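Student: how does the following fold in three dimensions:
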Amino acid sequence: MDLQKEISALSFDRQRLLELLLESEATGTSGASRIGRRLDAEPAEVSFAQQRLWFLQKLNPSETAYNTPAALRVAGDLRREILQKVFDFLIVRHEALRLVFREKKGRVWQIAQKPFPVEIIEENLTEIRTPERDLPVERLVVKDIGTPFDLETGPLFRVHLYRLGVAEHILLLNMHHIISDGWSLGVIIDEFAALYRDFTLGKNPSLPELEIQYPDFAVWEKKMVESPAWRAQLDYWKKHLAGRVESLKIASAATNGARRTGSVETVSILLRAGLTAEIKRVCAAEHFTLYTFLLAGFQLLLYRYTGRKNFIIGSPVANRNRAETERLIGCFINPLAIRAKLDGDLSFGDLLKETEKTVLDAFENQEIPFELILDAIRRERNEPHKRLFNVWFVLQNAPLAELELPALKVSNYKLPRLASQFDIAMNVNETGDEIHCAIDYSTEMFDSAFIRRMLEHFRNILSAAASSRETKLREISLEEVSPVVSARTVAPDDEDDFDF
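Tutor: Numbers count the residues shown, from 1 in each chain. The predicted structure is shown next:
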């Protein structure tokens, strides 16, 4: 295998992450070299992320914002007995799928139950004609993903199978975030495919044995709290987040209206191939990652909408930078608090450089749990309940490609969003030659017309920035104009009076 060729084929973001991981190994900044198994598989206390999720769920037992579902559309001869065998194997393989949580004397423990047969809840919808089937299917899916979990009794992993026809099914998987994250959904889908293929062909499972289980990670995490590596990371975040930070308050007509449904809706747009190619050309030529470019554009969008110059955006990392955790199901995701400092006199090129430095520093200090950072910041500011950010930005991996299994074709089934932890969550992913941008938003605060316009302004900012990095931030028009950058200059005294 040509290693250099393999590395060159990686996206810019993955190349940069690889560089950071190699640097951390060389300098020892990643702390302990390996995560080992706990003795005799004794019960473990919850991880820091699990502690927060336990508290939030107990505070509101009917909450479903922390349900993490995924669904697959399965076409072909689905063998029900093989499906059962696959999920029964996964229950044995991953302790996380068998976890329940109990509190004792103020400490919360995660307890792995003995393996059990997975209940695959089936719904037969074959009697409903195809044109009329979408609505009842969606209602069932919404009902099932909107059903809360009981963390003390479990199970925290549910499987539903909707039979639409002889050769057409939807397979819904749902887990609580306390045992799962987005990466975990990818793991379970990959392993589902591998196991289904092996069992159908009469083979033994080909999956490699797991080195550790999620509770082992939780035990290791507790030991790392006093390590020099994590103390240094905590010092970085305390310095990075020190001083006054402005809250983001995005004004919308919906905030003063009567629309108070409490639901979450999504609006999306596509960055067409021409603009996407231009953005990637700039990134390649000037050695910026796609993530950095898009995040800088999002920061500028928020600056122009709010007038805030110093604010924080939340953005997740998978936190899977160790071989032992790569194939585990569990709650590893770690939010990063990305601080933006903007000024109308900066050029977009200046913003890119500042954003790149902030992102690289954040990635180098990503291991320490966000919960420890939040506790330290709240103590220093004497703000025990204040949120650090209410806006979220994520550049996602490409959506699930169609899986070829024996007598089956498996593709992604798009699920509705029922709840959100943020006022606005920007989700960006590459779809072939285009970039898909979607905002999940609270209908209590915004309406679809406002969010659609916001996305159009985001696209216009990216188009202008790709054309010229030397234009000052205040001169970049939110509207689509030709040439891309507006000639109108905003006077310094009018910097906060934005014309949308």
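
Student: quick one: the strands in the stretch 201-350 of the chain?
Tutor: Per DSSP state E, counting those that start in this stretch, the stretch 201-350 of the chain has strands spanning 264-271, 310-317, 334-341. These are given in chain order.

Student: and those strands: which comes nearest Ile178?
Tutor: Relative to Ile178, the nearest member of those by Cβ to Cβ is strand 334-341, separated by 14.7 Å. All C-beta spots, glycine's among them, are computed from the backbone N, C-alpha and C.

Student: separation between the spatially closest residue to Val100 that is not a sequence neighbour and Ile279?
Tutor: Counting by Cβ to Cβ, 6 or more residues apart in numbering, the nearest residue to Val100 once its immediate chain neighbours are dropped is Gly154, at 4.2 Å. When distances are taken as Cβ to Cβ, to the nearest Å, Gly154 and Ile279 turn out to be 45 Å apart.

Student: neighbour count for the two, which is higher?
Tutor: Taking other Cβ atoms under 10 Å, Gly154 and Ile279 do not tie; Ile279 has more neighbours (21 against 18).

Student: tell me the secondary structure of the residue nearest to Val100, please.
Tutor: coil (DSSP: H, G, I helix; E, B strand; the rest coil).

Student: Asn124 versus that one, what's the distance?
Tutor: Taking Cβ to Cβ as the criterion, Gly154 is separated from Asn124 by 27 Å.

Student: thought Ala407 was touching Gly76?
Tutor: Yes: Ala407 sits in contact with Gly76 when judged by Cβ atoms under 8 Å, with a separation of 4.9 Å.

Student: show me which of these two is the more surrounded one.
Tutor: Applying other Cβ under 10 Å to Ala407 and Gly76 shows that Gly76 carries more neighbours, namely 15 against 11.

Student: do a quick rundown of the helices in this structure.
Tutor: Secondary structure of the chain (DSSP state H): helices at 3-8, 12-27, 48-59, 80-93, 134-145, 182-200, 214-224, 228-240, 273-286, 290-306, 348-364, 370-381, 448-467.

Student: packing partners of the fourth one?
Tutor: When contacts are defined as 3 or more Cβ pairs under 8 Å, 6 or more residues apart in numbering; DSSP states H and E, helix 80-93 sits against strand 120-124, strand 157-165, helix 182-200.

Student: from the chain's centre, how far out does that helix sit?
Tutor: On the basis of Cα atoms, centre = their mean, to the nearest Å, helix 80-93 sits 27 Å off its chain's mean C-alpha point.

Student: buried set for that helix?
Tutor: Buried residues in helix 80-93, counted by 16 or more other Cβ atoms under 10 Å: 82-91, 93.

Student: rebuild the residues you listed as JSON lines, extending it with pLDDT and distance to Thr130.
Tutor: Formatted as JSON lines, the buried residues of helix 80-93 follow (pLDDT from 0 to 100; distance: Cβ to Cβ, whole Å):
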{"residue": "Ile82", "pLDDT": "98", "distance to Thr130": "26"}
{"residue": "Leu83", "pLDDT": "98", "distance to Thr130": "23"}
{"residue": "Gln84", "pLDDT": "98", "distance to Thr130": "27"}
{"residue": "Lys85", "pLDDT": "98", "distance to Thr130": "30"}
{"residue": "Val86", "pLDDT": "98", "distance to Thr130": "28"}
{"residue": "Phe87", "pLDDT": "98", "distance to Thr130": "28"}
{"residue": "Asp88", "pLDDT": "98", "distance to Thr130": "32"}
{"residue": "Phe89", "pLDDT": "98", "distance to Thr130": "34"}
{"residue": "Leu90", "pLDDT": "98", "distance to Thr130": "32"}
{"residue": "Ile91", "pLDDT": "98", "distance to Thr130": "34"}
{"residue": "Arg93", "pLDDT": "98", "distance to Thr130": "37"}
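
Student: just send the residues you listed back as TSV, with distance to Asp345 too.
Tutor: Output for these, formatted as TSV (distance: Cβ to Cβ, whole Å):
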residue	distance to Asp345
Ile82	63
Leu83	60
Gln84	64
Lys85	64
Val86	59
Phe87	58
Asp88	62
Phe89	60
Leu90	55
Ile91	58
Arg93	56
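
Student: go through these and name the one nearest Lys309.
Tutor: Distance to Lys309, by Cβ to Cβ, is smallest for Leu90 among these, at 48.6 Å.

Student: now for the nearest residue to Glu479 once chain neighbours are set aside: which residues touch it?
Tutor: In this structure, Glu479 finds its nearest non-sequential neighbour in Asn460, 6.3 Å apart by Cβ to Cβ, 6+ apart. Asn460 makes contact with 477-480, 484, according to Cβ atoms under 8 Å, 6 or more residues apart in numbering.

Student: same deal with Glu265?
Tutor: In this structure, Glu265 makes contact with 417, 440-441, 443, 448, judged by Cβ under 8 Å, 6+ apart.

Student: buried among those residues? Make that a PyMOL selection.
Tutor: In PyMOL, the members of the contacts of Glu265 classed as buried (16+ other Cβ under 10 Å) are selected with the following command:
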select buried, resi 417+440+441+443
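
Student: thinking again about what came up before, so which of the helices of the chain gets nearest Glu326?
Tutor: That would be, of the helices of the chain and by Cβ to Cβ, helix 182-200, which comes in at 8.5 Å.

Student: okay, now Ala242: neighbour count?
Tutor: When neighbours are defined as other Cβ under 10 Å, Ala242 has 12 of them.

Student: likewise for Gly36?
Tutor: Counted with other Cβ under 10 Å, Gly36 comes out at 12.

Student: so how far is Ala44 from it?
Tutor: As for Gly36, its distance to Ala44 is 13 Å (criterion: Cβ to Cβ).

Student: identify the contacts common to those two.
Tutor: With Cβ under 8 Å, 6+ apart as the test, Gly36 and Ala44 both reach Asp216.

Student: quick check: can you list the domain ranges of this structure?
Tutor: Domain ranges of the chain: 39-216, 225-494, per automatic domain parsing.

Student: and the first one, how far from the chain's centre?
Tutor: If I follow you right, that is domain 39-216. 18 Å.

Student: same question for stretch 209-219.
Tutor: Going by Cα atoms, centre = their mean, the spacing between the C-alpha centre of stretch 209-219 and its chain's C-alpha centre is 22 Å.

Student: cool, and stretch 405-414?
Tutor: When distances are taken as Cα atoms, centre = their mean, stretch 405-414 is centred 23 Å away from the chain's centroid.

Student: name the residues of it that come out as buried.
Tutor: Of the residues in stretch 405-414, those buried by neighbour count under the rule 16+ other Cβ under 10 Å are 405, 408, 410, 413.
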